[in-house]
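Participant: A structural model of the following input is requested.
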Amino acid sequence: MSTRLTFLGVAGYDVQGPDFRFLIDPFLSDNPFAPVTAAEVATPDAILVTHAAFDHLGDAAAIAKRTGAPVLCGGDVRALLLDAGVPSAQVQATTWGILTEVGGVVVQPVACAHWSQGRLADGTPISGVPMGFVVETEPGIRVYHYGDTAIFGDLRLIGELYNPTVGLLGCSQPQELLERVPGPGRFLTGEMSPREAALAAEMLGVDLAVACHYFDAGHADVIEFLRLVPERDTTGRRTAVAPEVGATMVLETGPGGRTSVRMERPARRGGA
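Facilitator: Got it, this is the predicted structure:
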């Protein structure tokens with residue numbers, strides 16, 4: 001058995017396990033590097049949305065309406081999806097701690113030190129609780145998605161409780177999207193700096209630390225994350241990778257239960 005994670009850009013992933021397939025934060029239409037369009041992506045068993053930011057909520061509504069796939073998200077994201085025409089019975093709201101099954105996928109929502117806010121079609125502002133997710137795709141492979149969290153102490157508790165073996169960890173800021181964020185300031189890091197993301201991998205205790213929240217795998221922050229992960233590793237077994245957009249990580253459980261990874265070249269646009 002093996003699990004396949006295809007990186008869609010920013011924090012989006014198409015995850016295929018032996019028994020189910022799901023999307024996380026499918027940001028595609030406004031993604032200049034997306035390997036597949038919202039109209040082309042294969043039908044998932046479930047769609048998971050961490051929060052309402054445009055580059056995370058992305059095309060969840062369009063994909064849900066086209067495929068009929070159920071969505072798991074926070075209460076504010078549910079309101080935004082319903083406002084976009086997704087049927088109420090298709091969207092399950094949840095929050096931290098509530099182990100939830102949707103579309104045959106069992107999801108553990110976990111705390112996320114971030115924010116979640118958006119506007120309904122009539123301009124009404126709406127906010128809610130962002131979240132990370134832990135999903136066991138097959139025995140021995142448990143994937144943690146960080147949901148745009150900043151570093152915080154309870155990442156260590158998440159590691160102790162749920163034992164993720166793979167961490168999808170933001171370490172950068174997609175420069176191509178900054179013009180869409182209003183205000184006079186200039187972001188110097190993402191929600192976690194490379195140093196913080198490397199420490200988060202250690203706190204979680206993952207075997208595989210995957211760089212996240214970028215388009216360019218050669219960005220200086222991504223390269224710094226890859227350098228720092230081994231420095232923070234007290235286990236002597238952690239691997240760090242930074243996939244190109246469209247690349248697929250093939251995960252397998254090896255000797256001693258360690259999660260190993262094999263990289264496949266990015267898929268061409270036009271197929272999932």
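Participant: Identify the residues contacting stretch 84-96?
Facilitator: 61, 64-65, 68-75, 77-78, 81-82, 100, 102, 107, 109-112, 121, 129, 131 (Cβ atoms under 8 Å, 6 or more residues apart in numbering). Using the backbone N, CA and C atoms, a C-beta is placed for each residue, glycine as well.
Participant: Show me which positions of it end up buried.
Facilitator: 86, 90-94 (16 or more other Cβ atoms under 10 Å).
Participant: The contacts of stretch 84-96 in helices, which ones?
Facilitator: 61, 64-65, 75, 77-78, 81-82 (DSSP state H).
Participant: how about the helices in the chain?
Facilitator: Using DSSP H, helices in the chain cover 54-57, 60-67, 75-83, 155-162, 194-204, 220-232.
Participant: Could you point out which residue ranges in the stretch 1-150 of the chain have low pLDDT?
Facilitator: In the prediction, the stretch 1-150 of the chain carries residues with pLDDT under 70 at positions 1.
Participant: Do a quick rundown of the strands in it.
Facilitator: Ranges of strands in the stretch 1-150 of the chain, per DSSP state E, counting those that start in this stretch, are 3-9, 12-16, 21-24, 46-48, 71-73, 91-93, 100-102, 105-110, 116-119, 125-128, 132-138, 141-145.
Participant: Skip the chain neighbours and tell me the closest residue to A198.
Facilitator: Excluding its sequence neighbours, the residue lying closest to A198 (Cβ to Cβ, 6 or more residues apart in numbering) is L228, at 3.8 Å.
Participant: pLDDT wise, what is the one you found at?
Facilitator: The score at L228 is 98. That number is its pLDDT.
Participant: for L177, same thing?
Facilitator: 89.
Participant: if I pick it, what's in contact with it?
Facilitator: 10, 55.
Participant: sorry, back to before: next one: the residue nearest to A198 from M192, what distance?
Facilitator: 11 Å (Cβ to Cβ, to the nearest Å).
Participant: Settle it for me: which of the two has more neighbours?
Facilitator: More neighbours surround M192 than the other of L228 and M192, with 25 against 21 (other Cβ atoms under 10 Å).
Participant: Show me the shaky parts of the stretch 151-272 of the chain.
Facilitator: Ranges of the stretch 151-272 of the chain meeting pLDDT under 70: 267-272.
Participant: what about 90?
Facilitator: Segments of the stretch 151-272 of the chain classed as low confidence (criterion: pLDDT under 90) are 175-182, 186, 253-258, 265-272.
Participant: which residues of it fall in strands?
Facilitator: Using DSSP E, counting those that start in this stretch, strands in the stretch 151-272 of the chain cover 166-170, 208-212, 239-241, 248-253, 259-264.
Participant: Just put those strands in JSON lines and tack on distance to E202.
Facilitator: Shown next, in JSON lines, are the strands of the stretch 151-272 of the chain (distance: least, Cβ to Cβ, whole Å):
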{"stretch": "strand 166-170", "distance to E202": "10"}
{"stretch": "strand 208-212", "distance to E202": "9"}
{"stretch": "strand 239-241", "distance to E202": "11"}
{"stretch": "strand 248-253", "distance to E202": "20"}
{"stretch": "strand 259-264", "distance to E202": "16"}
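Participant: okay, those, which one's buried deepest?
Facilitator: strand 166-170 (a mean of 29; mean count of other Cβ atoms under 10 Å).
Participant: how about that one as CSV, C-alpha atoms only?
Facilitator: What follows is strand 166-170, C-alpha atoms only, in CSV (Å, rounded to 0.1, in the frame of the first residue of the first chain):
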residue,chain,number,x,y,z
VAL,A,166,4.1,13.5,7.8
GLY,A,167,3.9,17.3,8.5
LEU,A,168,2.8,19.7,5.8
LEU,A,169,4.4,22.8,7.3
GLY,A,170,4.2,26.4,6.0
